[in-house]
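Chemist: below are the sequence and a predicted model; questions follow.
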Amino acid sequence: MKRTWALALVTVVVFASVLSACVKSSQRVRALGDGLDARTIPLEYRADYELFAQRCSKCHSLSRPLDNGRIEDRFWAGYVERMRRQPGSGIAPEEVPSILRFLHFYSTEVAADVEAKSEPKEAK
């Protein structure tokens, strides 16, 4: 019986730690509805995010690219180019670098940070 309680307590502590890490990292860049709160994005990426949000939300939810877990720039380049060719996307060729700059920032600085903090740490 004591082992069951001890296991339950350890499980709760680990879950709380993971949840806390996710909340702390999301305090920097916060979600707002389907997208992100632009006020929490660093100034150098804010215009890129706003362009991304405006163009990409025409055809699909912003969570589709934001939550897909990909971080490779090569993947994003192909993805954005494919989306740019979709009728009605409104993505001009000269806007692609801005969108890619935001996606690089988001996938390497924000999404990767949340994922890394949510992985269980190995015991030493």
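Modeler: Right, received. Where do you want to start?
Chemist: I'd like the next helix or strand past the helix or strand containing A53.
Modeler: Using DSSP states H and E, A53 sits in helix 43-56. Next in sequence after helix 43-56, counting helices and strands by DSSP H and E, comes helix 63-66.
Chemist: which secondary structure elements does that next one contact?
Modeler: Contact here means 3 or more CB pairs under 8 Å, 6 or more residues apart in numbering; DSSP states H and E; on that basis helix 63-66 packs against no helix or strand. Just so you know, the C-beta spots here come from the backbone N, C-alpha and C atoms, and that holds for glycine as well.
Chemist: can you point out the buried residues in that helix?
Modeler: For helix 63-66, a neighbour-count test (16 or more other CB atoms under 10 Å) marks P65, L66 as buried.
Chemist: and what of stretch 90-99?
Modeler: I91, E95, V96, S98, I99.
Chemist: do the same with stretch 50-62
Modeler: Neighbour-count burial for stretch 50-62, with 16+ other CB under 10 Å as criterion, is recorded at L51, F52, A53, R55, C56, L62.
Chemist: from these, which single one is nearest S107?
Modeler: F52 (11.9 Å; CB to CB).
Chemist: what's the most distant pair in the buried residues of stretch 50-62?
Modeler: Greatest spatial distance among the buried residues of stretch 50-62 (CB to CB): L51 and L62, at 12.3 Å.
Chemist: output the below-cut-off pLDDT ranges for the protein.
Modeler: The chain contains residues with pLDDT under 70 at 1-34, 111-124.
Chemist: ok, the closest residue to G88 other than its chain neighbours to I71 distance?
Modeler: Distances taken as CB to CB, 6 or more residues apart in numbering place K58 nearest to G88, at 6.4 Å, with adjacent residues excluded. Distance of K58 to I71, given as CB to CB, to the nearest Å: 24 Å.
Chemist: perfect, that will be all.
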